[in-house]
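> Build me a structure from this.
(2 chains)
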Amino acid sequence: MSEFIENQISPYFNFWIYVILMMIGLWAVIAKRNLIKKLIGLSIFQTAIILFYVSIGVKEGATIPILDHHGPAHHEETEEKADHGKPAPGHVAQNGAHHEHGETHDDPHHGGKHHAIDPDTMANPLPHVLMLTAIVVGVSTLGVALAISQMIYKEFGTLEEDEILEKLKTEPLHD
Amino acid sequence: MIDQLPAIIVLAPLIGAMITGLAGPGDHRVCFPVVLCSLSIALVAAIAAAVQVFTTGTIDYFVGGWEEPLGIGIHLRIDALNAFLLVVIGIVALLVSFFSFRRVGDRNTEKTPHFYVLFQLLCLGVFGITIAGDAFNLFVLVEVSSLTSYALIAMGSSRRGSHAAFNYLLMGTTGASFYLLGVGYLYLKTGTLNMQGIHEVLANNTTVAQSPAVTIAFIFILVGIWIKMAFFPLYGWLPNAYSYAPSSSACLLAPLMTKVSVYVMIRAMLGVFGAEWVFVHLGWSRLVVLLAVVAILAGSLLALQQREIKKMLCYLIVAEVGYMVGGAWLADENHWGLTGALYHILADAMMTLCLFVAAGIFSKRLGATRIDQLEGFFRHTPLTAAGFTVGALAMIGVPPTCGFFSKFYLIRGGIESGHWEFVIALLLSSIVNAILFFRIFEIGFFGKSPPEGHGQHSSFPAPKSELAHATGTTLLPLVVSAILVVLLGVFNGQVVSLIRIAFENLPAVTSGLP
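Below is the predicted model of the structure:
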């Protein structure tokens, strides 16, 4: 059992938490009968995905990805990439794969000449940037949902789905 | 100017929405011309882009010149697969804006600018989904269009609308989140978010392509998109949302949202994962086509039970989604099914627009929301009835309307790949459509209500001259969409040859298809 925890759970701790959070959220969306509780579930669900993305970007021992006083080196690197035309996206994938296994070694593409910006020393900023957008999307979803639930409360006088359905059943159809 | 076409398509509705939002509350008369302007610009740009695609080839546009994968660029891509869809979206949006002109003013005047802001933002989202070349941008644009559609549905006067919008929001957000999760897994394995980039990695790197994480990503993305398109077991939000929405919103949403989602699925299958991966490595065609068969039959049977016009049309949409999904997944054997599915996206957008506009006019002019209230509609509203008839015949699949030809290609795909269950489901669904619509025609012509129809039917307003009452702006979209339904069918050869170009330009399909 302890071996299981050591091999399966602790290295992937974030991912277990994200799956558990996601299931809690999904269960609340499906099973709860109160509209606000459903919304809370939806928020938990979205937050779980944010946790998942942020976990992708993390590397052990890496720092925030801000380049300081490496201006010329960075410039050179972008030029080099531009010369190559389209760098194969696969090489980023290789990085990702290495980090998954916690290996640390110099990236072959950047080793030597550009050791100043070894990607292994920096967290991957892209998932974080994506999640900034996803958080904004989540907040606006929540805003729209709350506005609609306010409308529902004004029109039905309740936020319990059972009572709303009961009222809708007796109401004649109209456009 | 010509280089900036993809940006113009997306920016025109965005700028229009801003102007409407700023100037609209002061003077409501500003709204409609602005909407007309922005959507016309977008449509012209879409047509110009389509012409360019079919003459010179794919357009790749990187916003700000940031080419992937250096940064997280915004990559807009117009190729033969989405060029004609852009044009159809532009046409539908423009026609619905005409339709909405009177109705929004009638209902709740103080909300007119709000409606038009949302309207244009929805167009922005739908255009954006179609031309996005980046998997994450696609998610953001899906959410833009979904959020606006929740608001558009909740805007109606019926309180059922707000409840339906809330349910749609819950399901829609869950679907989009599943999609986002799938994109996350893909990014984890491939290290890029660009659709083409992902496709290159999956095509060249077999260890990545065969890893279970990519399969999981595909399942998440597929389920997410299926929720968005209301594929049968996940259709729960659609009927209420579309039938209790205000007519103008329903006319915009019903033709566009499900069809664009089907396009996203086809794009994900062919453009991101690649036909070879989907059909050879995964090989789930049989299962998904079976699901599509269930969707078609269930949608048709549920439509038979409905007594409201719009609800019936909504369940027919559920069945039509089954057509397109099934057709797209027939592509493991031959390309006829895929051709049919793409053709049906165009055809169904037009037919649905035609029928929903007609249903909107019926509920307005005759006060008829139920089928048995439609007594004698051929007498009272002859032009609307004619448009409705064209849409209905297309839905049944009568030549020379487009519904016949798209169904023909779908059935041919089913026969040639030996999926007889799909063929039978299509034919049964056509029969059900015939029963449904001929029942309505009978009521419309002879005014014979079914026995369960009660005394309410005599309460609709006294018939006036249709043209005096229904202004040109309301009838125009119906007439134009009815004409387009016929034209899309008459020129089926040209349409199909354009669709074929889409396959030739997709490197993925040539390897996966005979």
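> Count the residues that sit near the closest residue to chain A within the stretch 151-300 of chain B.
Sorted by distance to chain A under C-beta to the nearest C-beta, the residues of the stretch 151-300 of chain B start with B:Gly191, at 3.2 Å. Heads up, the C-betas are built off the backbone N, CA and C, glycines and all. Using other C-beta atoms under 10 Å in any protein chain shown, B:Gly191 is surrounded by 24 other residues.
> try B:Ala368
Residue neighbour count, defined by other C-beta under 10 Å, stands at 25 for B:Ala368.
> low pLDDT regions in chain B?
Within chain B, the segments meeting pLDDT under 70 span B:1, B:66-72, B:102-109, B:333, B:447-471, B:504-514.
> Surely the residue of the stretch 151-300 of chain B closest to chain A and B:Val201 touch.
Yes - counting by C-beta atoms under 8 Å, B:Gly191 does reach B:Val201; the two are 7.3 Å apart.
> Identify the residues contacting B:Ala42.
Listed by C-beta atoms under 8 Å, 6 or more residues apart in numbering or on different chains, the contact partners of B:Ala42 are B:Ile8, B:Ile9, B:Ala12, B:Pro13, B:Gly90, B:Ala93, B:Cys123, B:Phe127.
> and chain A, what are its domains?
Here the domain parsing of chain A from automatic domain parsing is A:1-58+A:124-175, A:68-122.
> mean pLDDT lowest for which of those?
Mean pLDDT across the domains of chain A is lowest at domain A:68-122; the value there is a mean of 47.
> What strand or helix carries B:Ala48?
Assessed by DSSP states H and E, B:Ala48 sits inside helix B:31-56.
> What residues of that helix count as buried?
B:31-32, B:34-35, B:38-43, B:45-50, B:52-53 (16 or more other C-beta atoms under 10 Å in any protein chain shown).
> neighbours around the nearest residue to B:Thr401 once chain neighbours are set aside, how many?
Distances taken as C-beta to C-beta, 6 or more residues apart in numbering or on different chains place B:Ala394 nearest to B:Thr401, at 3.7 Å, with adjacent residues excluded. Neighbour count of B:Ala394, defined by other C-beta under 10 Å: 31.
> how much space between B:Ala394 and B:Gly64?
For B:Ala394, the distance to B:Gly64 equals 43 Å [C-beta to C-beta, to the nearest Å].
> From the contact counts, what lies against the helix or strand containing A:Ile44?
A:Ile44 belongs to helix A:35-57 when elements are defined using DSSP H and E. When contacts are defined as 3 or more C-beta pairs under 8 Å, 6 or more residues apart in numbering or on different chains; DSSP states H and E, helix A:35-57 sits against helix A:13-31, helix A:125-156, helix B:159-190.
> Can you check what angle separates that helix from helix A:125-156?
With axes from the mean of the first three to the mean of the last three C-alpha atoms, to 10 degrees defining the directions, helix A:35-57 sits at 180 degrees from helix A:125-156.
> Kindly compare burial across the helices and strands packed on helix A:35-57 and name the winner.
helix B:159-190 (a mean of 25; mean count of other C-beta atoms under 10 Å in any protein chain shown).
> Please state the offset of it from the chain centre?
17 Å (C-alpha atoms, centre = their mean, to the nearest Å).
> could you give the angle of that helix to helix A:125-156?
Using the same axes, to 10 degrees: helix B:159-190 against helix A:125-156 is 170 degrees.
> following helix B:159-190, which helix or strand comes up?
Sequence-wise, the next helix or strand downstream of helix B:159-190 (DSSP H and E) is helix B:195-204.
> tell me which residues of that following helix are tucked away?
Counting neighbours by 16+ other C-beta under 10 Å, one finds that the buried residues in helix B:195-204 are B:Met195, B:Gln196, B:Gly197, B:Ile198, B:His199, B:Glu200, B:Val201, B:Leu202, B:Ala203.
> Show me what that helix is packed against.
helix A:90-100, helix B:159-190, helix B:206-209.
> which residues touch the last one?
It refers to helix B:206-209. A:Gly90, A:Ala93, B:Lys189, B:Thr190, B:Val201, B:Leu202, B:Ala203, B:Val214, B:Trp277, B:His281.
> got it, and stretch A:128-137?
By C-beta under 8 Å, 6+ apart, stretch A:128-137 touches A:46, A:49-50, A:53-54, A:57, B:72, B:136, B:139-140, B:143, B:180, B:193.
> got CSV for the residues you listed, with distance to B:Tyr263 too?
Below are the contacts of stretch A:128-137 laid out as CSV (distance: C-beta to C-beta, whole Å):
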residue, distance to B:Tyr263
A:Gln46, 25
A:Ile49, 24
A:Ile50, 28
A:Tyr53, 26
A:Val54, 31
A:Gly57, 31
B:Ile72, 23
B:Phe136, 18
B:Phe139, 15
B:Val140, 17
B:Glu143, 17
B:Leu180, 19
B:Leu193, 19
